[in-house]
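Asker: Okay, structure incoming, though there's no sequence with it:
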């Protein structure tokens with residue numbers, strides 16, 4: 001069996017193509033869970049597992065988005081600083097700090113990078129919401145399974161008392 005490293009999960013690129021992340025399985029899981037009621041203990045446990053499977057996929061995508069967003073934000077700052085430092089006022093006039101700052105902030109390269117950062121942050125927000133929904137669904141089906149164990153199967157957890165185990 002091949003070892004799976006953190007690098008395998010996180011990816012080797014500094015900037016992931018997050019727009020191309022495949023959410024088909026996530027959408028299928030969410031759609032299925034939305035219209036499914038647990039009919040017995042086994043089914044409730046299966047639904048818990050499906051919710052966790054979706055959350056697991058999303059957690060890997062979120063890690064890649066955090067890496068990508070951090071990289072892009074760093075790149076925005078370095079490009080902005082480079083352009084600001086290299087700016088020279090036209091026609092030999094005096095170059096002011098405000099002119100340099102404006103040049104760095106209004107450069108097309110900086111704007112393009114800022115748009116990519118915004119897309120990454122928006123994508124991360126979508127995935128975080130879906131992750132939260134899946135975790136809540138997992139706990140919902142877990143509560144159902146616990147209730148079924150108690151009512152249908154007559155299962156009661158062993159409780160401790162002052163004299164030891166009952």
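Answerer: Thanks, I have the structure now. Everything numeric in this text was worked out from a predicted model, so none of it was measured.

Asker: any idea how far the helix or strand residue 74 falls within is from the chain center?
Answerer: For residue 74, the host element (DSSP states H and E) is helix 41-86. Centre-to-centre, helix 41-86 and its host chain are 4 Å apart (CA atoms, centre = their mean, to the nearest Å).

Asker: repeat for stretch 128-137
Answerer: Relative to the chain's own centre, stretch 128-137 is displaced by 10 Å; criterion: CA atoms, centre = their mean.

Asker: any residues touching it, and which ones?
Answerer: By CB atoms under 8 Å, 6 or more residues apart in numbering, the residues outside stretch 128-137 that reach it are 23, 26, 29-30, 33, 47, 51-52, 54-55, 58-59, 62. Yep, even glycine has a C-beta here, placed from its N, CA and C like the rest.

Asker: From those residues, which one has the minimum pLDDT?
Answerer: Checking pLDDT across the contacts of stretch 128-137, the minimum falls on residue 33 at 90.

Asker: Contact partners for that residue?
Answerer: With contact taken as CB under 8 Å, 6+ apart, residue 33 is in contact with 47, 50, 51, 137.

Asker: Any figure for the gap between it and residue 68?
Answerer: Computed as CB to CB, to the nearest Å, the residue 33 to residue 68 distance reads 28 Å.

Asker: same question, residue 146
Answerer: For residue 146, the distance to residue 68 equals 39 Å [CB to CB].

Asker: Repeat that for residue 121.
Answerer: Residue 121 is 10 Å from residue 68, where distance means CB to CB.

Asker: Enumerate every residue touching residue 63.
Answerer: Residues in contact with residue 63, defined by CB under 8 Å, 6+ apart, are 9, 10.

Asker: quick one: which of residue 146 and residue 68 has more around it?
Answerer: Each of residue 146 and residue 68 has its neighbours counted (other CB atoms under 10 Å); residue 68 has more, 24 against 14.

Asker: if I've got this straight, residue 121 is in a strand?
Answerer: No - with DSSP: H, G, I helix; E, B strand; the rest coil as the criterion, residue 121 is helix rather than part of a strand.

Asker: Quick one: residues contacting the closest residue to it other than its chain neighbours.
Answerer: Closest residue to residue 121 apart from its sequence neighbours, by CB to CB, 6 or more residues apart in numbering: residue 69 at 6.1 Å. The neighbourhood of residue 69, defined by CB under 8 Å, 6+ apart, consists of 117, 120, 121, 124.
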